[in-house]
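Chemist: Test case, fold it:
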Amino acid sequence: MLFLLIVFRAQGQDLEPRSYLNIPIDQTFFTGMYIYSDGDVYTSSSLPIEDFRLTTTTWAGQFSRTFALDDKLAKFDAVFATSCGDGSAIFQGQITTRKFCGFADTKLKFTYNFFGSPALSAKDFLSYQKTTIIGASVQVNVPNGHYVKDELLNIGSNRWYIKPEIGATIPLGNWEVDLALSAFFFEDNDELQGTQTLSQDNVYNLQFHLVYDLGPAHWLALDLNYFGGGDTYIDGQPSGLKETNVRGGIAYRYSLNRHHSIKLILNTGITTRLGNDTNAATIAWTYRL
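Modeler: This is a model prediction of the structure:
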């Protein structure tokens, strides 16, 4: 049961720069991603868990479509993924391991740039000049991933959550500063270990990205990501689990041509009191129709 809570808290800690960049409308993108993560997970000292280590591999596909809304840029994203994991820990003095595979929860996201991001066709976008952009987004986690209620480790979360976010992109010559503030609001999971109920307080997230344009076809970003809050309760009783960590990373994107681009993201835990302290690597290929 304790393993299950920690795995949920470890998900969704991506460092994604340029989420609110202006791009042409009426564009369709397909992205394939491979994500590898390996490292330790820290728990409360009051819990009978030691040496918790988790390795996961994920293959994901993303559909994205841009469109105009009130003469501003809007975008819809849908992410579908399948994951495999290998976890081990000493639980109550006994070595416990499990390997698991299955479909992950689907994630749907709507983004709207309401300031500084006019809706432009691909032709008109050629004359667009960078300016400060402010936008907002809402991501919904659909609990359709593989979930076995009697298992300690699961890929699916068996609960809905919603993540509203507000962000800004500030150009400074060849440099760019990206900021984002978001919160996770969780539904209860009423099938924790079959009969128990897992509830969780809100989790708050702050992202900072410093981006440098290396040329017209590629850029490099330094990233920081803070998570805090998220006290968890089992049948109304505090479990002792709460997210507190800072992650850092780098991201590099290169456009091969007008239709194809690749991106590499590396991130790691900087300070972790409780939660995920893994090293993660993401390789993504995007095709624009």
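
Chemist: from here on, contacts and neighbour counts on C-alpha atoms
Modeler: OK.

Chemist: Do I have it right that Gly135 meets Phe110?
Modeler: No - using Cα atoms under 8 Å, Gly135 makes no contact with Phe110, being 10.7 Å away.

Chemist: For the two, indicate the residue with more neighbours.
Modeler: Gly135 (22 against 18; other Cα atoms under 10 Å).

Chemist: can you pull the contacts of that one?
Modeler: Residues near Gly135 by Cα atoms under 8 Å, 6 or more residues apart in numbering: Tyr20, Thr111, Tyr112, Asn113, Phe114, Phe115, Ile166, Gly167, Ala168.

Chemist: Without its sequence neighbours, what residue ends up closest to it?
Modeler: Excluding the flanking residues, the one nearest Gly135 by Cα to Cα, 6 or more residues apart in numbering is Asn113, at 3.9 Å.

Chemist: Ile170 sits in which helix or strand?
Modeler: Secondary structure from DSSP states H and E places Ile170 in strand 161-172.

Chemist: can you map out the helices along the stretch 51-200 of the chain?
Modeler: In the stretch 51-200 of the chain, the segments counted as helices under DSSP state H, counting those that start in this stretch are 122-125.

Chemist: what about the strands in it?
Modeler: With DSSP state E, counting those that start in this stretch, the ranges of strands along the stretch 51-200 of the chain come out as 72-91, 94-103, 106-115, 133-142, 161-172, 175-186, 189-192, 196-200.

Chemist: Show me what the mean pLDDT comes to for the fourth one.
Modeler: For strand 133-142, mean pLDDT rounds to 97.

Chemist: Show me what it pairs with in its sheet, parallel or antiparallel.
Modeler: Partner strands and pairing direction for strand 133-142 (DSSP bridges) are strand 106-115 (antiparallel), strand 161-172 (antiparallel).

Chemist: quick one, the last one and strand 175-186 angle?
Modeler: Put simply, strand 161-172 runs at 170 degrees to strand 175-186, going by axes from the mean of the first three to the mean of the last three Cα atoms, to 10 degrees.
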